[in-house]
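Q: Next comes the sequence, and after it the predicted model I'd like to discuss.
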Amino acid sequence: MSRARAVELVRAGSRFLVTCHVRPDADALGSALGLAAILRSIGKDAVVYSQDGVPPLLQFLDGKEKVARDVPAGRFDATFVMDAAARELVPPLPPSERSGPVVIVDHHAAADGFGDVIVREVDAVATGEVVLRLMQSLGVKDVPRDAAQPVYAAIVADTGGFRYTGTNATTHRLAAQLLEQGVDPWQVASHLFERWAPQRMALLGEVLRAMKIELDGRLAIVAVDREMMARTGASDDMIEGMVNYGRMLEGVEIAALLWKPESSNDVKVSLRSAGRADVAALAVTLGGGGHRAAAGASVRNTDLATVVARLRDEAAKALARR
């Protein structure tokens, strides 16, 4: 069992690098901060590294001040990569003689198999839940206080505030354990779902106006170009979650949001399903992956119009197969 191998590495080692996928969201960075805190609680040295730093929307996470944007010097006994389903999502890592074995900790069903040790548990609602399972396998009974808030944020974010498919009684019991460590649920929820900057709200207005409903009302698709970003003054991280608005429209089965990040030739794609469509399979056709209800892709060296056309065709095929 891969989790058992990861536990062996932790018990045998003393210094670990903990990182997460590029452009981290709350599950990725919250899980990294949580695992690092758990490792420190059992006497290990753990360094959290994020090449993108801490996004403005995640500045509320406990432990953010310990995140390094560059890999510190020295050798690590293992490198843990959180919430990464594909190699292209993994930030630059030190050479293997410095990184030690690369351990992927993840919960996405569609993945490319990157990593020396893979702890991929697809029944977990979030990578944060996998972190708690690792903690239990390490024999740590109580969640360390400084791990509780970032792991709680990871679970809340990836369950949409305990609303998405997969949320169950276990999810709520884990959340209760974290709350018992002193986590303030409103502090986390308000930062994740509210407190929008005016620029972000303005961008939402642009997104709603630009949204197109196609395939007999079953596909909601919106492409966010750099002109929209410039008009509103929004930053790339403010796009997070806006794909969900397409799914809110009655009759829509697949919602898609595409954008071209600043200084990039890639097109990012976020996908959501209203329930029956498998957007993970759709994301795979674009080189990405994810869950049945929430997935994404990064299409390299292309333009928005090309990916929109390709996505429309693939979505039509996916909806016709059902």
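A: Nice, thanks for sending it over.

Q: Could you use CA atoms for every contact and neighbour count after this?
A: Noted.

Q: Tell me where the stretch 1-150 of the chain has strands.
A: Counting by DSSP state E, counting those that start in this stretch, the stretch 1-150 of the chain has these strands, from start to end: 15-20, 45-49, 67-68, 78-82, 102-106, 117-120.

Q: Compare those strands and give me the one nearest residue 228.
A: Closest to residue 228 of the strands of the stretch 1-150 of the chain, according to C-alpha to C-alpha: strand 15-20, at 28.8 Å.

Q: ok so, going back, which stretch among the strands of the stretch 1-150 of the chain comes nearest residue 223?
A: Nearest to residue 223, of all the strands of the stretch 1-150 of the chain, is strand 15-20, at 26.5 Å by C-alpha to C-alpha.

Q: lowest average confidence, helix or strand, in this protein?
A: In the chain, no helix or strand scores lower on mean pLDDT, DSSP states H and E than strand 289-290, which sits at a mean of 80.

Q: quick one on the thing from earlier: now the strands of the stretch 1-150 of the chain in a markdown table, please, with extra columns for distance to residue 319.
A: Listed next are the strands of the stretch 1-150 of the chain as a markdown table, based on distance: least, C-alpha to C-alpha, whole Å:
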| stretch | distance to residue 319 |
| --- | --- |
| strand 15-20 | 33 |
| strand 45-49 | 40 |
| strand 67-68 | 42 |
| strand 78-82 | 32 |
| strand 102-106 | 28 |
| strand 117-120 | 28 |
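
Q: of all the ones you listed, which lies closest to residue 253?
A: Set against residue 253 and scored by C-alpha to C-alpha, the strands of the stretch 1-150 of the chain come closest in strand 102-106, at 26.1 Å.

Q: average pLDDT across the closest one?
A: For strand 102-106, the mean pLDDT works out to 97.

Q: picking that back up, would you list the strands of the stretch 1-150 of the chain in a markdown table and tack on distance to residue 288 and mean neighbour count?
A: Shown next, in a markdown table, are the strands of the stretch 1-150 of the chain (distance: least, C-alpha to C-alpha, whole Å; neighbours: other C-alpha atoms under 10 Å):
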| stretch | distance to residue 288 | mean neighbour count |
| --- | --- | --- |
| strand 15-20 | 17 | 27 |
| strand 45-49 | 23 | 23 |
| strand 67-68 | 27 | 18 |
| strand 78-82 | 17 | 27 |
| strand 102-106 | 15 | 26 |
| strand 117-120 | 16 | 22 |
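
Q: Out of those, which gets nearest to residue 127?
A: Once these are compared by C-alpha to C-alpha, strand 102-106 is nearest, at 5.2 Å.

Q: quick one: the closest one to strand 78-82, angle?
A: Here the directions of strand 102-106 and strand 78-82 differ by 20 degrees (axes from the mean of the first three to the mean of the last three C-alpha atoms, to 10 degrees).

Q: Off-centre distance for strand 102-106?
A: Counting by C-alpha atoms, centre = their mean, to the nearest Å, strand 102-106 is centred 14 Å from the centre of its parent chain.

Q: swap in stretch 141-151?
A: Distance of stretch 141-151 from the chain centroid (C-alpha atoms, centre = their mean) equals 19 Å.

Q: Quick check: mean pLDDT of stretch 14-27?
A: On average, the pLDDT along stretch 14-27 is 96.

Q: what distance separates the start and the end of it?
A: Chord length of stretch 14-27, first to last residue, is 25 Å (C-alpha to C-alpha, to the nearest Å).
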